[in-house]
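S.K.: the following block contains a protein sequence and its predicted model.
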Amino acid sequence: MKKIMVILLLIGFVSATLFAQGATEDTYPNKTINMTVPYGAGGTTDLTARALANAMGKDLGVTINVVNTPGAGGSAGTLNVQNSKVDGYTLLANGMLAFCTMPINGYTDKTFRDWDIWIATYAPNVIVVPANSPFNTIEDLIKAIQENPGEITAGTAGIGSGGHFGAEIIKQIAGAPYKHITYQGGGPAFTATLAGEVDFCPQLLAEYKDAIISGQVKALCTLSDKDITIADGITIPSIKEFYPEAAKYLPMGEVTGILIPKGLPETSLAKLDKAFSYAVKDQAFLDFCALKSFDVIPMGREESQAYLENFASKACYLMYDAGAVTIDPAKFGIERK
């Protein structure tokens, strides 16, 4: 009789546990979700995250708070999420350039393959200089770098950021080094450029569009593979018009998306799939992207992984070949494409 009672109690305990787990998954989400942005407020990643968080929250029926956690070129906030409990209540919004190069920068042994990822937007890079800069063309800037190696300053959001990649392209074309000045995100780098603290800034067009139109900064070229018109009478030429050899690096810009470490139950992931699909079609989000000159390139989890196989190869080997990092991407199974 005692054995029967023990068996019944065990069955009841297991059933209750399974029921509770099922209820947890079925009711996800039932509280506020935090979305970490590993940069300061005001940059492209931050602005995109806020637009996505607002739209995804509508579909999920909960508030998604954006939490800025800048530091170490975006790695600090990313590692916080990587090491957090995988319960669906801590998401990451990040640019794929910095994210995919974290292993070769020595920040982690994890790669993009260890995350579930939803890619949302693409934003082209642009090379800008302060309004009072003596540089009026990209050729002026390249010449100055060649004549003053290691003295011309470039302001970026940190090592591995979109701006850093842009600066490395300029270095490759010039055949001479620049001086790298890092800031806690695209917003502070923007402020520094306006103040004339740096000689040039290879940052995302979205962050400088209004300043270019108003004449607060000068745009020398884009790192897109085509010219970009941002207003009547204002067309920014592609760098390849001046330096055809740059074409192999183009287009160089930031791809931004939502991420979570692998391990979330599929039932919960399906809800995030649905919310992401809703968000990238939300009119407010589309209007935001049009205003910022973003391309909306929505990709689900599987498509994002396939895309990043090529993207990570291009980004990692640009940094490795330029000598910006010493860790071989092949160590992490990233093949040269």
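M.R.: Sure thing, it's come through.

S.K.: buried residues in the helix or strand containing Ala55?
M.R.: Here Ala55 sits within helix 44-60, counting by DSSP states H and E. For helix 44-60, a neighbour-count test (16 or more other Cβ atoms under 10 Å) marks 44-57, 59-60 as buried. The way it works is simple: take the backbone N, C-alpha and C, and place the C-beta from them, glycine included.

S.K.: ok, those residues vs Ile228, which is closest?
M.R.: The closest of these to Ile228 turns out to be Thr44 (Cβ to Cβ; 15.2 Å).

S.K.: does the closest one touch Ala206 like I think?
M.R.: Yes. Using Cβ atoms under 8 Å, Thr44 makes contact with Ala206 at a distance of 4.9 Å.

S.K.: what do those two both touch?
M.R.: Shared contacts of Thr44 and Ala206 (Cβ atoms under 8 Å, 6 or more residues apart in numbering): Ala123, Lys292.

S.K.: and the strands in the stretch 51-200 of the chain?
M.R.: 64-68, 90-95, 115-130, 153-156, 179-182 (DSSP state E, counting those that start in this stretch).

S.K.: what's near enough to touch the residue nearest to the spatial centre of the chain?
M.R.: The chain has Gly95 as the residue nearest its centroid, 0.5 Å off, counting by Cα atoms, centre = their mean. Contacts here follow Cβ under 8 Å, 6+ apart; on that basis Gly95 touches Thr44, Thr45, Gly74, Ser161, Gly162, Glu254, Val255, Thr256.

S.K.: for Gly158, see how far away it is.
M.R.: Shown here: Gly95 relative to Gly158, a distance of 11 Å by Cβ to Cβ, to the nearest Å.

S.K.: could you do Arg50 as well?
M.R.: Taking Cβ to Cβ, one finds Arg50 at 20 Å from Gly158.

S.K.: what's the neighbour count on Val62?
M.R.: Val62 has 17 neighbours, counted by other Cβ atoms under 10 Å.

S.K.: skipping adjacent residues, who's closest to it in space?
M.R.: In this structure, Val62 finds its nearest non-sequential neighbour in Pro29, 4.9 Å apart by Cβ to Cβ, 6 or more residues apart in numbering.

S.K.: and that neighbour, backbone torsions?
M.R.: Torsion angles at Pro29 (phi, psi; degrees, to the nearest 10) stand at phi -90, psi 150.

S.K.: Ile138 is in contact with Ala219, isn't it?
M.R.: No. With contacts counted by Cβ under 8 Å, Ile138 stays clear of Ala219, the gap being 9.6 Å.
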